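Asks: My questions are about this predicted structure, shown below with the sequence.
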Amino acid sequence: MATAAVTGTDDIRTRAQTALARCGADLAGYKGDAITARTPITGAALFGLRADTPQDVDRAVEGARTAFRTWRTTPAPLRGALVKHLGHLLTEHQQDIADLVTIEAGKIRSEALGEVQEMIDICDFAVGLSRQLYGRTMPSERPGHRLMETWHPLGVVGVITAFNFPVAVWAWNTAVALVCGDTVVWKPSELTPLTALACSALLDRAIAATGAPAGLGQVVLGAADTGERLVDSHHVPLVSATGSTRMGRAVAPRVAARFGRAVLELGGNNAAVVTSSADLDLAVDAAVFAASGTAGQRCTTLRRLIVHEDLADPVVDRLTHAYRQLPVGDPFQAGTLVGPLVNEAAYTRMRETLDRATADGGTVRAGGERRLAEAAPGAYYVRPAIVRMPAQTAVVREETFAPVLHVLTYRDFDEAIALHNDVPQGLSGGIFTTDQSEAERFLAADGADCGIVNVNIGTSGAEIGGAFGGEKETGGGRESGSDAWRSYMRRATNTVNYSGRVALAQGVDFSR
Ligand code: UN1
């Protein structure tokens, strides 16, 4: 039981200052009173920072545009050298960035270090990619002609990130955008300005060390108006935005109105099916991490468990038993598995969700109560909750960014798939089964309708090598690995005539 006091705000402040200084970030240069950097560990304010004005955003975009003019013709493998250097700096400063992630997002040590590892991994991936931005050559229907495609840099990419993966999502976008020849203006969450300053300092150092054009990576701090300026800028051909579906609804039409491109990674309401053939030890173990890890604050968090009705009681019993043992508390403390919620609003939403679920006939089988309220009155530590639901009611179909796992039951497999898909979001899904035909059916065209679909793995914790993103209200964007890079480039189809004669496609005859 985590009753020990949490790390004091003064210690946290000192630790943040040390990490920022080691990364080379200029905290003093950002001093101000528009944004308050806080820590969910105690809920206290750490530093006051200035916000970038809309004019500052314009200047950042202009700086990134200027850098783009040089960067777009820098050979891609040389662009890779910059990202390689960034990867080295991230390796060197893995502890520092992880400290800031723990301080601002409340992640436990292992998850904070894992997030930085995800950044290092995407740098490796992008360096390899810098020699693999392949275009195809297609057979031309005309004699003496060559038909091919070339991928060119797009321009300035606006990257908008959320508090819960304050640095990895920036790295997915930035590492790939940079090797693609783009430049980046980053608008981090208001809740995590310090991690952003540290990462942007590391990128600046990598730029200086490799002789890349200054200005190709910019950071702008601020609230919604800062983001809006970036979203509306005609000089930003691609906006990659991660956050709530509500944010995506605001961003997407604005980008579309100016014919910009958007990569959206929005809400998830991820489910896993536990079939009667499942290995229950594995399923329960995986579900506990997926549902309660990161205090339920991943877009891939497991929010719904769809269990065969014959197994519902043993599964819920095992889960509640596991939940009772979960150490909730200071994420800096060794052994803690569940850190704090990001703020009071998250806690209020969690309580509202539990009240609505109960009103719909749900039974809270574990958790939901606040912890450490005396030791840290400004922080919001909660026990992750399990709610047995009689049906997939409206509250279950919404994403609540907190650790609430709704357990539903099914009788036949088609019903399980129907329940799985019957939510507005489509990010990640999983199935626990030892029956190959169930697994294959879940992966098939009439199976799970998400962008990420797993077998015998929870819904969270994807590797960077695959494309990351989802369907429906999740926004349809793909970031990170596989061929997600194509969104960051423009494709030119080229036909070259070396025949010395005019030959028209489709056999058109225009002879005079
Ligand atoms: C997010 O929560 O926005 O798959 C990203 C995962 C992580 C990324 C989550 N690799 O859970």
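Replies: Received it, and whenever you're ready, just let me know what you need. Numbers count the residues shown, from 1 in each chain.
Asks: does the most centrally placed residue in the chain count as helix, strand or coil?
Replies: In the chain, the centroid-proximal residue (Cα atoms, centre = their mean) is residue 169; its distance is 4.8 Å. Following DSSP: H, G, I helix; E, B strand; the rest coil, we place residue 169 in the helix state.
Asks: Residue 48 too?
Replies: Looking at residue 48 with three-state DSSP, the answer is strand.
Asks: circling back: what separation is there between the residue nearest to the centre of the chain and the ligand?
Replies: 6 Å (Cβ to the nearest ligand atom, to the nearest Å). C-beta: built from backbone N, CA, C; applies to glycine.
Asks: wait, that residue sits on residue 479?
Replies: Yes: the criterion here is Cβ atoms under 8 Å, and residue 169 meets it with residue 479 at 7.3 Å.
Asks: In the stretch 251-400 of the chain, where is pLDDT below threshold?
Replies: Nowhere does the stretch 251-400 of the chain drop to pLDDT under 70.
Asks: Get me the contact residues on it for the ligand.
Replies: Contacts of the stretch 251-400 of the chain with the ligand, taken as Cβ under 6 Å from any ligand atom, map to 298-300.
Asks: Switch those over to JSON lines; also include secondary structure.
Replies: Listed next are these as JSON lines, based on three-state DSSP:
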{"residue": "298", "secondary structure": "coil"}
{"residue": "299", "secondary structure": "coil"}
{"residue": "300", "secondary structure": "coil"}
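Asks: out of those residues, which is most surrounded?
Replies: Sorting those by how many neighbours each has (other Cβ atoms under 10 Å) puts residue 299 first, at 29 neighbours.
Asks: re earlier: joint contacts of residue 169 and residue 479?
Replies: Common neighbours of residue 169 and residue 479 (criterion: Cβ atoms under 8 Å, 6 or more residues apart in numbering): 242, 265.
Asks: tell me the SS of residue 502?
Replies: With three-state DSSP as the basis, residue 502 sits in coil.
Asks: brain fart, residue 272
Replies: strand.
Asks: and it, what are its bridge partners?
Replies: residue 305, residue 430 (DSSP bridges).
Asks: show me the contacts for it.
Replies: 283, 286-287, 290, 302, 304-306, 429-432, 458-459.
Asks: Pipe the residues you listed into a markdown table and attach neighbour count per row.
Replies: Output for those, formatted as a markdown table (neighbours: other Cβ atoms under 10 Å):
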| residue | neighbour count |
| --- | --- |
| 283 | 26 |
| 286 | 23 |
| 287 | 26 |
| 290 | 27 |
| 302 | 29 |
| 304 | 24 |
| 305 | 28 |
| 306 | 24 |
| 429 | 29 |
| 430 | 30 |
| 431 | 29 |
| 432 | 27 |
| 458 | 23 |
| 459 | 29 |
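Asks: Show me which of those residues is closest to residue 79.
Replies: Using Cβ to Cβ, residue 459 comes nearest to residue 79 of the contacts of residue 272, at 33.8 Å.
Asks: Need the pLDDT of that closest one.
Replies: Looking at residue 459, its pLDDT reads 98.
Asks: repeat for the one 5 residues further on
Replies: In this model, residue 464 is scored at 98, pLDDT.
Asks: just use 610 as the starting number from now, easier for me
Replies: That works, and once the first residue is 610, the last one we named lands at residue 1073.
Asks: count of residues packed around it?
Replies: Around residue 1073 there are 24 residues (other Cβ under 10 Å).
Asks: Residue 639 is in contact with residue 830, isn't it?
Replies: Yes: between residue 639 and residue 830 a contact is recorded at 7.1 Å, counting by Cβ under 8 Å.
Asks: Check the contact lists of these two and give me the overlap.
Replies: Joint contacts of residue 639 and residue 830 (Cβ under 8 Å, 6+ apart) are 658-659, 802, 806.
Asks: quick one: contacts for residue 833?
Replies: Per Cβ under 8 Å, 6+ apart, neighbours of residue 833: none.
Asks: how far away is it from residue 660?
Replies: 11 Å (Cβ to Cβ, to the nearest Å).
Asks: just residue 820 next, same as before
Replies: 32 Å.
Asks: Neighbour count for those two, which is higher?
Replies: The neighbour comparison of residue 820 against residue 660 (other Cβ under 10 Å) goes to residue 660, with 18 against 11.
Asks: Distance check, the more buried one against residue 640.
Replies: 12 Å.
Asks: Also residue 866?
Replies: 37 Å.
Asks: So which of the contacts of residue 881 is the closest to residue 933?
Replies: The closest of these, once distances to residue 933 are taken by Cβ to Cβ, is residue 896, at 14.8 Å.
Asks: Helices along the chain, start to end?
Replies: 618-632, 663-680, 685-701, 703-714, 718-738, 777-788, 802-819, 833-841, 854-866, 889-901, 921-934, 953-968, 1022-1030, 1045-1052 (DSSP state H).
Asks: just these: most buried one?
Replies: Of all these, helix 777-788 has the most neighbours on average by mean count of other Cβ atoms under 10 Å, namely a mean of 29.
Asks: and that one, what other elements does it pack with?
Replies: When contacts are defined as 3 or more Cβ pairs under 8 Å, 6 or more residues apart in numbering; DSSP states H and E, helix 777-788 packs onto helix 685-701, helix 718-738, strand 765-769, strand 792-796, helix 802-819, strand 1088-1089.
Asks: so which of those gets nearest residue 758?
Replies: helix 685-701 (15.4 Å).
Asks: follow-up on the earlier one: will you turn the helices and strands packed on helix 777-788 into a markdown table that also has distance to the ligand and mean pLDDT?
Replies: Formatted as a markdown table, those follow (distance: least, Cβ to the nearest ligand atom, whole Å; pLDDT from 0 to 100):
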| stretch | distance to the ligand | mean pLDDT |
| --- | --- | --- |
| helix 685-701 | 16 | 98 |
| helix 718-738 | 6 | 98 |
| strand 765-769 | 12 | 98 |
| strand 792-796 | 15 | 98 |
| helix 802-819 | 14 | 98 |
| strand 1088-1089 | 8 | 98 |
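Asks: could the helices of the chain go into JSON lines alongside distance to residue 992?
Replies: Formatted as JSON lines, the helices of the chain follow (distance: least, Cβ to Cβ, whole Å):
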{"stretch": "helix 618-632", "distance to residue 992": "23"}
{"stretch": "helix 663-680", "distance to residue 992": "41"}
{"stretch": "helix 685-701", "distance to residue 992": "34"}
{"stretch": "helix 703-714", "distance to residue 992": "19"}
{"stretch": "helix 718-738", "distance to residue 992": "18"}
{"stretch": "helix 777-788", "distance to residue 992": "27"}
{"stretch": "helix 802-819", "distance to residue 992": "27"}
{"stretch": "helix 833-841", "distance to residue 992": "32"}
{"stretch": "helix 854-866", "distance to residue 992": "27"}
{"stretch": "helix 889-901", "distance to residue 992": "9"}
{"stretch": "helix 921-934", "distance to residue 992": "7"}
{"stretch": "helix 953-968", "distance to residue 992": "10"}
{"stretch": "helix 1022-1030", "distance to residue 992": "26"}
{"stretch": "helix 1045-1052", "distance to residue 992": "31"}
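Asks: how far is stretch 907-916 from where the chain is centred?
Replies: The chain centroid and the centroid of stretch 907-916 are separated by 16 Å, computed with Cα atoms, centre = their mean, to the nearest Å.
Asks: what about that stretch, start to end distance?
Replies: End-to-end distance of stretch 907-916 (Cα to Cα, to the nearest Å): 22 Å.
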